[in-house]
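A.B. asks: I'd like to go over a predicted model; first the sequence, then the structure.
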Amino acid sequence: MTKLTKATITFDNGAAPIELPMLSGTLGNDVIDIRSLGKHGVFTYDPGFMSTAACNSDITFIDGEKGLLYYRGYPIEQLAEHCNFMEVSYLLLHGELPNAEQKQQFTNTINGSTMLHDQLSNIFRGFRRDAHPMAVMVGVVGSLSAFYFDTMDIRDAKCREISAHRLLAKVPTIAAWSYKYNLGQPFMYPQNHLNYAENFMHMMFATPCEKYVPNPVLAKAFERILILHADHEQNASTSTVRLVGSSGASPYACISAGIASLWGPAHGGANEATLTMLEEIGDVSRIGEFIKRAKDKNDTFRLMGFGHRVYRNMDPRAKIMRTTCHEVLDALGLHDDPMFKLAMELEKIALEDDYFVSRKLYPNVDFYSGIVMRAMGIPNSMFTAIFALARTAGWIAQWSEMVSDEELKIGRPRQLYNGCTRRDLLPIEQR
Ligand code: SDX
């Protein structure tokens, strides 16, 4: 097929056709460059951005039809198998995998920033003990803006890098402390001789009373969960980070906004919602009842962990997560875990049901991640907090790419207005 160079819009009222340039990337769909459309007196209309490329990015590529996911060109399967989270974070931020020296230096830099300012611990104490960890994370991550004034010049590359490192280093501590606060246990400080995953597990599960040694199988599985969740193109929370960042807002405020968006059950909150759903189904005998509800247009219930805006094939992360599930449950002697068996049966039944097959609704990354984390002793309420700490790597890479773009413009969508036309005000006695 010859390369597309332009698109022509014709109108059925005799108005002059509009010619628009086509743009091509290295992979994926070509795009129609509509930036000049407004001056012709028309807008495009695409609520939910189903067919809109909102930015130009080099970071992550998804092919929804083929079920492909690349970070900077590397297939997610290879990264999940051969890299650790520090290497993947470096790759997302810098565009290349680090060599051994760069990896060690990056790891040391992140380790040097894992502690929180001591006054930050007071902010946790302003929350109710039973506050959802995501509510605490939105608040505490946002409050980093009140502690770090030295890197607010986002046009300065060094400031951007320091902010990125601080966020990558501190969000796990904030997430773990949100959990400890919930439990009423003392905060556990980072132990920087541990790797990123082990350090987080230490802060989550250790207590001052006894030595805690992270289970290496679980730490490896946790590392893989972090890698799988690190970035995912222009999803709702990443688009939120970009839109907030386009106004020049503090990077800490941008990531706090991303955490808020991720919390929704249609997005990152789906892992927690999937487990809640499985617990509600309870037994294989009730799966049919819930499948029926998921198909009923009059019922707001949706099968959590199924479907995706982009993937019209199996989410490649779900496949890896399913394997990780087996490994963790075997390592813990939980291969007969009823929740896992229920999930496998639900997946099997749904994938044979025409409603799901015809709509290309496959399990997504959230379908299995909750089962793995639950098996690791992580409470449902922390699943999305862990998604957030993994996605911080992607958010700061996407934010940094955007703010360093000379063509940066504040994000300001327009609308299709359906409100009242002009009318004059009546005095109150005549209303
Ligand atoms: C994540 O964007 C990303 O990349 C996100 C993410 C990332 O890494 O950042 O991948 C992480 O958020 C994964 C998605 C997690 N969410 C869930 O598992 C929640 C359950 N899924 C759905 O809510 C839904 O599938 C969405 C929100 C994920 C996608 O919704 P879309 O693209 O807006 O799809 P749609 O609502 O237009 O649905 C199309 C059809 C509809 O039926 P019809 O109108 O054609 O009859 O499919 C149906 C929907 O009713 N449908 C479902 C369903 N998902 C879609 N029906 C039952 N159960 C579901 N889960």
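C.D. replies: Sure thing, it's come through.

A.B. asks: could you use CA atoms for every contact and neighbour count after this?
C.D. replies: Will do.

A.B. asks: quick one: name the residues of this protein near the ligand.
C.D. replies: Residues of the chain lying near the ligand by CA under 6 Å from any ligand atom: 232, 235, 266-268, 270, 294-295, 302-309, 359, 364, 366.

A.B. asks: in three-state terms, label the closest residue to residue 253 other than its chain neighbours for me.
C.D. replies: Nearest residue to residue 253, sequence neighbours excluded (CA to CA, 6 or more residues apart in numbering): residue 142, at 4.8 Å. Following DSSP: H, G, I helix; E, B strand; the rest coil, residue 142 is assigned to helix.

A.B. asks: how much space is there between residue 142 and residue 170?
C.D. replies: Applying CA to CA, to the nearest Å, the value for residue 142 to residue 170 is 12 Å.

A.B. asks: residue 215 and residue 423, how far apart?
C.D. replies: Distance, residue 215 to residue 423, using CA to CA: 69 Å.

A.B. asks: what does residue 369 give?
C.D. replies: Between residue 369 and residue 423 the computed distance is 54 Å (CA to CA).

A.B. asks: which residues touch residue 268?
C.D. replies: Taking CA atoms under 8 Å, 6 or more residues apart in numbering, we find residue 268 in contact with 262, 366, 384, 387-388.

A.B. asks: what about residue 412, how many residues nearby?
C.D. replies: Using other CA atoms under 10 Å, residue 412 has 8 other residues around it.

A.B. asks: to clarify, my last question referred to residue 303.
C.D. replies: Using other CA under 10 Å, residue 303 has 22 other residues around it.

A.B. asks: quick one: which of residue 215 and residue 423 has more around it?
C.D. replies: residue 215 (13 against 6).

A.B. asks: contact partners for the residue nearest to residue 253?
C.D. replies: Residue 142 makes contacts with 252-256, as judged by CA under 8 Å, 6+ apart.

A.B. asks: what about 7 Å?
C.D. replies: Listed by CA atoms under 7 Å, 6 or more residues apart in numbering, the contact partners of residue 142 are 252-253, 256.

A.B. asks: quick one, strands of the chain?
C.D. replies: 6-9, 18-23, 31-32, 60-63, 68-71, 74-75 (DSSP state E).

A.B. asks: now tabulate these in CSV and tack on mean neighbour count and distance to residue 149.
C.D. replies: Formatted as CSV, those follow (neighbours: other CA atoms under 10 Å; distance: least, CA to CA, whole Å):
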stretch, mean neighbour count, distance to residue 149
strand 6-9, 12, 46
strand 18-23, 15, 39
strand 31-32, 18, 39
strand 60-63, 20, 30
strand 68-71, 21, 31
strand 74-75, 16, 36
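
A.B. asks: rewinding a little: let me know the closest of the contacts of residue 268 to residue 223.
C.D. replies: residue 387 (11.8 Å; CA to CA).

A.B. asks: ok, now which ones touch the closest one?
C.D. replies: With CA under 7 Å, 6+ apart, residue 387 has these contacts: 229, 268.

A.B. asks: give me the below-cutoff pLDDT ranges for this protein.
C.D. replies: For the chain, the stretches flagged by pLDDT under 70 are 1.

A.B. asks: which helix runs longest in it?
C.D. replies: helix 157-183 (DSSP state H).

A.B. asks: off-centre distance for that one?
C.D. replies: The gap between the average C-alpha position of helix 157-183 and the chain average comes to 16 Å, counting by CA atoms, centre = their mean, to the nearest Å.

A.B. asks: likewise for stretch 260-273?
C.D. replies: For stretch 260-273, the separation from the chain centroid amounts to 9 Å (computed by CA atoms, centre = their mean).

A.B. asks: what's the answer for stretch 301-321, then?
C.D. replies: Offset of stretch 301-321 from its chain centre (CA atoms, centre = their mean): 14 Å.

A.B. asks: list the buried residues of that stretch.
C.D. replies: By 16 or more other CA atoms under 10 Å, the buried positions in stretch 301-321 come out as 302-308, 311-321.

A.B. asks: same question for stretch 54-67.
C.D. replies: Quick answer for stretch 54-67 (16+ other CA under 10 Å): 59-64.

A.B. asks: can you check stretch 285-298 too?
C.D. replies: Neighbour-count burial for stretch 285-298 flags 287, 290-291, 293-294 (criterion: 16+ other CA under 10 Å).

A.B. asks: contacts for it, please.
C.D. replies: Here stretch 285-298 has contacts from 281, 299, 301-303, 346, using CA under 7 Å, 6+ apart.

A.B. asks: what number of residues lie near residue 41?
C.D. replies: 7.

A.B. asks: just the one 4 residues further on next, same as before
C.D. replies: As a burial measure, the neighbour count of residue 45 was computed by other CA under 10 Å and equals 12.

A.B. asks: how close does it get to residue 308?
C.D. replies: Remark: distance between residue 45 and residue 308 (CA to CA) = 21 Å.

A.B. asks: quick check: the residue of the stretch 51-200 of the chain nearest the ligand.
C.D. replies: Relative to the ligand, the nearest point of the stretch 51-200 of the chain is residue 62 (8.7 Å; CA to the nearest ligand atom).

A.B. asks: from residue 68, how far off is that residue?
C.D. replies: Distance of residue 62 to residue 68, computed by CA to CA: 5 Å.

A.B. asks: filter the contacts of residue 142 down to the ones in helices?
C.D. replies: The helices, defined by DSSP H, take in 252-253, 256 from the contacts of residue 142.

A.B. asks: one step back: quick one, what contacts the residue of the stretch 51-200 of the chain closest to the ligand?
C.D. replies: Here residue 62 is in contact with 68-70 (CA under 7 Å, 6+ apart).

A.B. asks: what about residue 126, neighbour count?
C.D. replies: If we define neighbours as other CA under 10 Å, then residue 126 has 9 of them.

A.B. asks: measure stretch 27-44 end to end?
C.D. replies: Span of stretch 27-44 from end to end, CA to CA: 24 Å.

A.B. asks: follow-up on the earlier one: just put the strands of the chain in JSON lines and tack on distance to residue 102.
C.D. replies: Formatted as JSON lines, these follow (distance: least, CA to CA, whole Å):
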{"stretch": "strand 6-9", "distance to residue 102": "43"}
{"stretch": "strand 18-23", "distance to residue 102": "35"}
{"stretch": "strand 31-32", "distance to residue 102": "36"}
{"stretch": "strand 60-63", "distance to residue 102": "22"}
{"stretch": "strand 68-71", "distance to residue 102": "18"}
{"stretch": "strand 74-75", "distance to residue 102": "18"}
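
A.B. asks: how about these, which one is nearest residue 399?
C.D. replies: Nearest to residue 399 among those is strand 60-63 (13.1 Å), distances taken as CA to CA.

A.B. asks: may I have the closest one as PDB, with CA atoms only?
C.D. replies: In PDB, the C-alpha atoms belonging to strand 60-63 read as follows (Å, rounded to 0.1, in the frame of the first residue of the first chain):
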ATOM      1  CA  THR A  60       6.000   2.500  24.800                       C
ATOM      2  CA  PHE A  61       4.300   0.800  21.900                       C
ATOM      3  CA  ILE A  62       1.200  -1.400  22.100                       C
ATOM      4  CA  ASP A  63      -0.400  -3.400  19.300                       C
END
